[in-house]
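Engineer: Here is the input, now give the coordinates:
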Amino acid sequence: MQMSCNQADHNNQSIIGVCVDITCPNIRPYCNFCLPLHAKHLHMLTPLDLINEWISERILQVHNAQNNVEEFKVSLEIFLNQVSPYCNFNFDQIPKLGLSQIDNLVKGLGSIELCEKVLFRQLNQSIQELKQIVIEIQKILKNQITISNNDNTQIPQYQHKLKPNLSPIRYQLMKTNSIEQGGSCFAFAFNKDCSIVAAGCSSQIIVYEFRQGMKKQIQLLYEHQKEMGTLNFMKKSNQLVSGDCDGDILIWSSKNNKYWICSQTLKQHNSRINCLIMNNNEDIMISCSNDQTIKFWMKLNEWICQQTITNHENFVYQLSLNEKQNKVISCGKDQLILVIENSEQNKQWIVKQKIQVDCLGYRLCFINDNLFTFQPSTGNLMHIYELHNLSKQFTQTKHITVNQGDDNRVFFPQKYIQSKQLLVIKHDKYINLIRKIDNDQFIVEQSIQFSSKELFGCISDDGEYLITWDDSSDEIQIRRSKQE
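Structural biologist: Coordinates of the predicted model:
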């Protein structure tokens, strides 16, 4: 962004930063000659190359505020639905009521009276305070300097970048579909048409019927001896794949989605399975483990281990395939990202690049053949890696500001929904929904905050449903996307 200062005596000096103090009476973009005007709040001066990051952080706060308001609206709607029968009560019905019905009516109305005396008065006071806050915010926004139509700065172009290619999406909690689940659920999977959900709860797999929400439990599968961390439904065949903390991978088959049996057990890993992915043809399966290996499995009559990659020196956390299905990336506890490529000559997978990062990260994901994301476990940044045209090597080119966090939980892999251009990332106790927009830029579209970082889940392949479990609510929760 190249701009010149328009102060009369500043000789068209280049703008070097922006003052972000909202009480500052001076024009906020500043040059070197402007610095004395901001002497009392130098700590509020932001260099020009960091202003995009500052704006992104505030946009995230706007999204969080919007999310909180939406959740408050949902709670109010639920409450109104519960009290509406009393509002439309027909007195002619009283003689027809039984003793228990009259008892329930009196208790219900008595509870409302108690709420009116105590809680509603407090709520009304809070509402009045909130209204005053909103009025003050509106005054501040109304008094801000607006950009004139003949302004030739780069700001309108930056605003255009923030406009997604698709309509904004919000994920709203379907409260009536929540299921109490006291034990840990590390893994979830939707089948191809979202009619079945599998939940890995401790060493059991609970299979649910799913029709626009959780319906009923179909089956409980007991074959695993240890906790599960991965579940995957195959799309072309009616099979389910699960991996546990012993390193066992089980293949489950079903003819009618109602009765699943274990058809094969794979015992090549000797420690916890952290991630398992499949190619689009579903004839190659790739797994990674705490045993520091990545294994490539080939489907013949049964699944067999075709190749093992041993370049990681510690636990391997996540894998991702690119669009062409000829590259795999991995990240591990050794702070190493591997780029593994399939050789057309000998059909072997070869490590083409080792990227040493300066931070631990549990999650990464290909966006397309030339772009992938990596989420460090601490801090508030997500890294973007791009493929250089000449060197054919991936390098970190930029980052996205997300919530501040200190994550230490495996599972809940990153996932990119191509049809919605939406990246789903868990970081600390947040789930970030990040939209890819023009010129390979990204914006945080929604950030869902939970009460615990002990948070696991997945999103359906079409991006319609988000399923989670966290140890604060002890619930399996469903959120559904809503196009705005």
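Engineer: For the top strand by length along the chain, the averaged confidence score.
Structural biologist: Within the chain, and with DSSP state E defining each element, the longest strand by residue count is strand 394-406. Mean per-residue pLDDT for strand 394-406: 89.
Engineer: Mind listing what's buried along it?
Structural biologist: Under the neighbour-count criterion of 16 or more other CB atoms under 10 Å, strand 394-406 has 394, 399-403, 405 buried. Yep, even glycine has a C-beta here, placed from its N, CA and C like the rest.
Engineer: same thing with stretch 351-368?
Structural biologist: 351, 353, 355, 357, 360-367.
Engineer: and the end-to-end length of that stretch?
Structural biologist: By CA to CA, to the nearest Å, the extent of stretch 351-368 from end to end equals 19 Å.
Engineer: which element is D103 on?
Structural biologist: helix 99-117 (DSSP states H and E).
Engineer: And for L423?
Structural biologist: Using DSSP H and E, L423 sits in strand 422-427.
Engineer: got the angle for that strand vs strand 394-406?
Structural biologist: Angle between the axes of strand 422-427 and strand 394-406 is 50 degrees (criterion: axes from the mean of the first three to the mean of the last three CA atoms, to 10 degrees).
Engineer: mind saving the C-alpha coords of the following helix or strand past strand 422-427 as CSV?
Structural biologist: Once the chain leaves strand 422-427, the next helix or strand it forms, by DSSP H and E, is strand 430-436. The C-alpha trace of strand 430-436 is given here as CSV (Å, rounded to 0.1, in the frame of the first residue of the first chain):
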residue,chain,number,x,y,z
TYR,A,430,-12.0,-22.6,19.5
ILE,A,431,-13.1,-23.9,16.1
ASN,A,432,-12.2,-21.5,13.4
LEU,A,433,-14.2,-21.4,10.1
ILE,A,434,-11.8,-19.7,7.6
ARG,A,435,-12.9,-18.7,4.1
LYS,A,436,-10.6,-18.7,1.1
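Engineer: chain center to strand 430-436, what's the gap?
Structural biologist: 5 Å (CA atoms, centre = their mean, to the nearest Å).
Engineer: Please name every helix or strand in contact with it.
Structural biologist: Applying 3 or more CB pairs under 8 Å, 6 or more residues apart in numbering; DSSP states H and E, one finds that strand 430-436 contacts strand 169-173, strand 394-406, strand 422-427, strand 442-449.
Engineer: so what strands line up beside the longest one?
Structural biologist: Taking DSSP bridges as the criterion, strand 394-406 pairs within the sheet with strand 378-387 (antiparallel).
Engineer: what does the last one give?
Structural biologist: If you go by DSSP bridges, strand 442-449 pairs up with strand 430-436 (antiparallel).
Engineer: The strand it pairs with to strand 169-173, inter-axis angle?
Structural biologist: Using the same axes, to 10 degrees, strand 430-436 lies at 160 degrees relative to strand 169-173.
Engineer: Give me the average confidence score over strand 430-436.
Structural biologist: Averaged across strand 430-436, pLDDT comes to 93.
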